[in-house]
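Novice: Sequence and predicted structure below; questions after.
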There are 2 protein chains.
Amino acid sequence: MMSTRKSRRQASKRIAPLDMSPAAFRSVGRRAVDDTAKFLASMPKGSVTAGSAPKRIRKLLGTGKLPQRGMAPGPLLRATTKLLFDESLFNGHPRFWGYITSSPAPLGMLGDLIASAVNPNVGAWVLSPVASEIEAQTIRWIAELIGYPTTCGGLLVSGGNMANFIGFLAARKAKATWDIRTGGLRSGPAAMTVYVSQETHTWIHKAVDLFGLGLESIRWIPVDADRRMNVKELEQRIAMDRSAGYLPMLVVGTAGTVGVGAVDPLRDIAAVCRRQEVWFHVDGAYGAPAAALPRISDDLLALSEADSLALDPHKWLYSPLEAGCTLVKNPAHLEDAFSFHPEYYNFKVSEEEPALNYYELGMQNSRGFRALKVWLALRMVGKAGFVRMIRDDISLSRAMFDAVRRQPALEPFAQNLSIATFRYLPQDLRGKGEAAAEYVNDLNRELLNRLQTGGEAFISNAVVDGTYLLRACIVNFRTKLADVKSLPELVVRIGSQVDSELRPASLHA
Amino acid sequence: MMSTRKSRRQASKRIAPLDMSPAAFRSVGRRAVDDTAKFLASMPKGSVTAGSAPKRIRKLLGTGKLPQRGMAPGPLLRATTKLLFDESLFNGHPRFWGYITSSPAPLGMLGDLIASAVNPNVGAWVLSPVASEIEAQTIRWIAELIGYPTTCGGLLVSGGNMANFIGFLAARKAKATWDIRTGGLRSGPAAMTVYVSQETHTWIHKAVDLFGLGLESIRWIPVDADRRMNVKELEQRIAMDRSAGYLPMLVVGTAGTVGVGAVDPLRDIAAVCRRQEVWFHVDGAYGAPAAALPRISDDLLALSEADSLALDPHKWLYSPLEAGCTLVKNPAHLEDAFSFHPEYYNFKVSEEEPALNYYELGMQNSRGFRALKVWLALRMVGKAGFVRMIRDDISLSRAMFDAVRRQPALEPFAQNLSIATFRYLPQDLRGKGEAAAEYVNDLNRELLNRLQTGGEAFISNAVVDGTYLLRACIVNFRTKLADVKSLPELVVRIGSQVDSELRPASLHA
């Protein structure tokens, strides 16, 4: 290092290379906003994805070393923005219906700018007075929106995995009959077990693996023809496990499965959990916001009975990534599972005015201000606005499913919430059974690959009992009726092309 | 729900309440940028914190229900921005030195705007072609910056806890001698143990609790007078545990402890880990970036020998929250620990051009584009810029410590990296030993409370062997020499005021 004297002389008149003058920030920032506005105008009219190959992106980015010297922020941001706007996949596009990521609300983008500018560390109230209170209000408002008790605890997290993990860990702590924090899992008197349907999202694999129970702790409960958990088998299995010396800990009911969007019979599962004294967690990462709708199914409304609930604002509350959320009926369970008090924290606000320190409620210590974009959206459109957008998404999904039915070369499978599943099935292969099954799967897989890179629309897939399905999930406030009506024709066009190329001789008529 | 026909008619001409026209976005966005520019101009001249009480914030926010109707985005964002700029604590302020959160780089704020606008889901390459490649380049560049092998694996995460958790879980999987994924911790032949110094951050408590080992798995290795791990005791303890039938899994060396900023003897710890075949994880959440400096200590440079390393860009790379990072020497260890392949993912890009799907490397599935703000900063100032800013922070911390020494009422404790620790100690209480110890702790605690709410500067605390210390950590490119020189006088002023109010009669001369 340089001499102390020289270094201090520099530091006294320090102009840090990363700083920007307010004037420079205004100029570069306005340009970024203008470019984004142009992007918002043009993106819906272009391709859903550039479909670029890795080689192309790597060439554009370069594979060089960390630059020794920097460059001016204006040209840097402009070039980067152009690269991103030219070469990305756009989930804000009206015909993006792949996986479950919403079109991001424009105001949420600006919310993220302001969140970064203020940069509150929402781990502790003292470090983020307004932000902590906005997060608390967001939690209450989300609960209110979906009819969950507003006296719940909760916090925002990165997404669905983490939101479900928080519920899982709260359950593990609440149901452990020993001091699990001190002795860990090995010191307990019995192995804990978890109950999920075959349709549960893969977060449950990660949870039992990472949190030490192992895959063997999962009890896969069968589903009915609508892919909903068989509650009778659930109760039998819990009772059986208990008499075999296991410690049943958790049942996961899903409100909107990742496959076909099924909603488990949550009311009946809740009753089983009460009788059996097992924690009831609802994975509503996708579907929970639909509980805001009047006259929605009673099964969905029963998410209010869950001990914990996961819900992703970056799915059906149209938030930019990242925003997941966990609600826990009894707030004490979060503190029980997550709170430690290191002596280097000085975070007590006052006895009279207790304030939340969010680091005590989850896995993170330092936390960003995810709540702002979610809260801004809730305020901008109110409950009525969300009800309308969610209702329209469901209505559009039904319209898409109807259009699928009208295409003879498509086989409809299911329509639940805002998910439609179907597949391309050439008419002459109907009823060919096993002989054609593998080929039809391959055909739909290749169809999907081409559709995904083609850029006209973007959907993804589900696999149900070995059948490969195409799956469109609409959590997209930009989608219009003409968009959903265009999909079946597109699928048929690509499907017949793929079929003409791939069909083996043995399956020709 | 309303009739299908009516609903569809609405959906066909859908104008979603959350959408904004490009013109509206430009106008509201420019205003947000202009307000942020004004904030950047005025904030450094104002208070570090408004010091508001919870009651005040709650009154400003209101405690009402979720609004039924919305409001126009322009006035909403303007009012929210004003509330945040008026009532927050500002870690971008030149005299914010509390805990370890950096001043956020202005370009990073705009990076977060663009990241949200494009909204790539960096869980899968197909969903985020440019963003995934930028994250990969960011990982390589961070490794290069600090001298870690650039062939490493790695990913960005929410912050230090998560970055350390990723290393912990990679270690657990790599060192398990049985199929831990299937059978969990209970099915293993032996209890795993982890080795940390007394100064290790509380993430280790959370890790052993959440990941099922329990607090009893922690071996607290004593430290020397400089708060550095005693390596001889470390090796003895590992050997002892192994002969007692435990499975030593992980040693944590810290590069910049949360208390006094000490760097453990990483070179010697690495040698122990090699001999004992234990995973070597370095918690460099705070201090690792200092390894970029020429002529930094050999102990710090030895972080290159770690099997895994945590480093927070939102600490000493001046990124807005959230940005943590884990590097793992052998990339296969991340996949081993985290990869599952659900059948509803269609994420294979091509055989010839393998592409990273980040959901396979960590705990999240959906992932935001955290990398952009970090990458923009690296490109804007290059390696030379980071070396200069980090070096200046260290230099300023030393200048602060020198100024502390010149104040007779302050007792200097330690200066490491960019952390200075000291306390207020009235001259007439020196040498009073035990009788005064508790009072001096109380005095410094109250001093800190008043300093933190006063808004002239913001520091936090450390506790070393029962002694309550004041602690200033400079990861702040806006801090100048005059700022650090002002702190000792401020501490003495508040300290003598508190002393005059609180001193018990028994301690009067």
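Specialist: Perfect, I can see it now.
Novice: what residues go with each domain of chain A?
Specialist: Following the assignment in automatic domain parsing, chain A carries domains at A:39-65+A:75-105+A:382-509, A:120-368.
Novice: Show me the one of these that comes nearest B:Val258.
Specialist: Closest to B:Val258 of the domains of chain A is domain A:120-368 (CB to CB; 5.8 Å). To be clear about C-beta, it is placed using only N, CA and C from the backbone, and glycine gets the same treatment.
Novice: what distance separates the start and the end of the closest one?
Specialist: 7 Å (CA to CA, to the nearest Å).
Novice: Would you check how far apart A:Asp264 and B:Ser319 are?
Specialist: Going from A:Asp264 to B:Ser319 by CB to CB, to the nearest Å gives 41 Å.
Novice: go on, A:Ala472?
Specialist: Distance, A:Ala472 to B:Ser319, using CB to CB: 37 Å.
Novice: Neighbour count: these two, which is higher?
Specialist: Between A:Ala472 and B:Ser319, B:Ser319 has the larger neighbour count (other CB atoms under 10 Å in any protein chain shown), namely 32 against 28.
Novice: How about the contacts made by that one?
Specialist: Shown in contact with B:Ser319 (CB atoms under 8 Å, 6 or more residues apart in numbering or on different chains): B:102, B:104-105, B:108, B:313, B:373-374, B:377.
Novice: Try it again at 6 Å.
Specialist: B:108, B:313, B:373-374 (CB atoms under 6 Å, 6 or more residues apart in numbering or on different chains).
Novice: A:Gly324 too?
Specialist: Taking CB under 6 Å, 6+ apart as the test, what A:Gly324 contacts is A:157-160, A:162-163, A:312.
Novice: Now neighbour count, pLDDT and secondary structure too, for the residues you listed, in CSV please.
Specialist: Formatted as CSV, the contacts of A:Gly324 follow (neighbours: other CB atoms under 10 Å in any protein chain shown; pLDDT from 0 to 100; DSSP: H, G, I helix; E, B strand; the rest coil):
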residue, neighbour count, pLDDT, secondary structure
A:Val157, 27, 98, strand
A:Ser158, 29, 98, coil
A:Gly159, 28, 98, coil
A:Gly160, 26, 98, helix
A:Met162, 27, 98, helix
A:Ala163, 30, 98, helix
A:Asp312, 33, 98, coil
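Novice: Off-centre distance for stretch A:482-501?
Specialist: 28 Å (CA atoms, centre = their mean, to the nearest Å).
Novice: Is chain B within reach of that stretch?
Specialist: No. Between stretch A:482-501 and chain B, judged by CB under 6 Å from any CB of the partner chain, nothing touches; the nearest distance is 7.1 Å.
Novice: can you list contacts of that stretch?
Specialist: Here stretch A:482-501 makes contact (CB under 6 Å, 6+ apart) with A:94-95, A:396, A:399-400, A:403-404, A:407, A:409-410, A:424, A:426, A:443, A:446-447, A:450-451, A:456-457.
Novice: State the mean pLDDT of that stretch.
Specialist: Across stretch A:482-501, pLDDT averages out at 98.
Novice: burial of A:Pro408, as a residue count?
Specialist: 11.
Novice: Now for it: which residues touch it?
Specialist: Counted by CB under 6 Å, 6+ apart, A:Pro408 has contacts A:Gln427.
Novice: Check the secondary structure at it for me.
Specialist: Per DSSP: H, G, I helix; E, B strand; the rest coil, the local secondary structure of A:Pro408 is coil.
Novice: Quick check: A:Gly159 vs A:Val196, distance?
Specialist: Going from A:Gly159 to A:Val196 by CB to CB gives 19 Å.
Novice: typed the wrong thing, it's A:Glu353
Specialist: Distance, A:Glu353 to A:Val196, by CB to CB: 41 Å.
Novice: Mind pulling up the pLDDT for the residue nearest to A:Glu360 when sequence neighbours are not counted?
Specialist: In space, and not counting its chain neighbours, A:Glu360 is closest to A:Ser339: 4.0 Å by CB to CB, 6 or more residues apart in numbering or on different chains. Looking at A:Ser339, its pLDDT is 93.
Novice: Let me know whether A:Ser339 touches A:Tyr358 as I believe.
Specialist: No. Contact between A:Ser339 and A:Tyr358 fails when scored by CB atoms under 6 Å: they sit 10.8 Å apart.
Novice: Which of those two has more residues huddled nearby?
Specialist: Remark: of A:Ser339 and A:Tyr358, A:Tyr358 carries more neighbours, 24 against 14, as counted by other CB under 10 Å.
Novice: and A:Asn365, what helix or strand is that in?
Specialist: Applying DSSP states H and E as the criterion places A:Asn365 outside every helix and strand.
Novice: and A:Leu247, how many neighbours does it have?
Specialist: Using other CB under 10 Å, A:Leu247 has 18 other residues around it.
Novice: list the contacts for the residue lying closest to it once chain neighbours are set aside?
Specialist: The spatially closest residue to A:Leu247, leaving aside those adjacent along the chain, is A:Ala190, at 4.1 Å (CB to CB, 6+ apart). Neighbour list for A:Ala190: A:245-247 [criterion: CB under 6 Å, 6+ apart].
Novice: Next, format the residues you listed as TSV and append pLDDT.
Specialist: What follows is those, written out as TSV (pLDDT from 0 to 100):
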residue	pLDDT
A:Gly245	98
A:Tyr246	98
A:Leu247	98
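Novice: Format these as JSON lines; extra columns: secondary structure.
Specialist: Listed next are the contacts of A:Ala190 as JSON lines, based on three-state DSSP:
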{"residue": "A:Gly245", "secondary structure": "coil"}
{"residue": "A:Tyr246", "secondary structure": "coil"}
{"residue": "A:Leu247", "secondary structure": "strand"}
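Novice: wait, which of those residues is closest to B:Asn476?
Specialist: A:Leu247 (49.4 Å).
Novice: that older thread, can you put the contacts of A:Gly324 in CSV and add distance to chain B?
Specialist: As requested, the contacts of A:Gly324 are arranged in CSV below (distance: CB to the nearest CB, whole Å):
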residue, distance to chain B
A:Val157, 9
A:Ser158, 5
A:Gly159, 4
A:Gly160, 6
A:Met162, 6
A:Ala163, 10
A:Asp312, 8
